[in-house]
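Engineer: this one's structure only:
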């Protein structure tokens with residue numbers, strides 16, 4: 001009975017989307033089960049069990065870990081994608097890439113090493129229970 005409610009909450013979260021708007025600056029790590037779109041600047045790591053999309057004016061100064069990602073902006077850090085990474089023509093990546101599959105459009109800039117078909121570490125999202133303790137959750 002309790003399991004069903006927990007699963008429904010997780011499904012709701014997976015279907016949710018988070019947006020960091022153009023001009024916004026966020027300092028800190030982001031973890032989500034759902035999709036995230038970044039149009040502004042993030043100083044910290046970004047982790048998603050789903051898809052991360054970086055708009056043309058975006059800048060992420062930190063590592064990215066997700067199932068899928070589409071990058072139009074700039075990343076300064078390691079990019080680890082368990083399924084598909086798409087680097088659009090305006091993408092600039094300063095750091096290593098680990099992914100299963102990758103599409104690089106003409107004009108994209110990438111400075112670092114790349115490992116394809118490599119196993120990406122499991123994506124873990126931490127929960128913050130009401131008691132203040134930090135608990136790891138894997139899906």
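Structural biologist: Received it, and whenever you're ready, just let me know what you need. Just so it is clear, the structure is predicted and the values come from calculations on it, not from any experiment.

Engineer: all helices for this protein, in order.
Structural biologist: Using DSSP state H, the helices found in the chain span residues 2-14.

Engineer: low-confidence ranges, it, go.
Structural biologist: Applying pLDDT under 70 to the chain flags residues 1-15, 118-120, 127-139.

Engineer: now with 90?
Structural biologist: Applying pLDDT under 90 to the chain flags the ranges 1-16, 117-139.

Engineer: centre of the chain to stretch 80-98, how far?
Structural biologist: Stretch 80-98 sits 11 Å away from the centroid of its parent chain (C-alpha atoms, centre = their mean, to the nearest Å).

Engineer: gap between the two ends of that stretch?
Structural biologist: One end of stretch 80-98 to the other measures 5 Å (C-alpha to C-alpha, to the nearest Å).

Engineer: could you do stretch 26-34 as well?
Structural biologist: Using C-alpha to C-alpha, the two ends of stretch 26-34 sit 18 Å apart.

Engineer: and the residue nearest to residue 111 when sequence neighbours are not counted, how far is that from residue 107?
Structural biologist: With sequence-adjacent residues excluded and distances taken as C-beta to C-beta, 6 or more residues apart in numbering, residue 111 is closest to residue 94, at 5.2 Å. C-beta here means a position set from N, CA and C on the backbone, and glycine is covered the same way. Per C-beta to C-beta, to the nearest Å, residue 94 is found 16 Å from residue 107.
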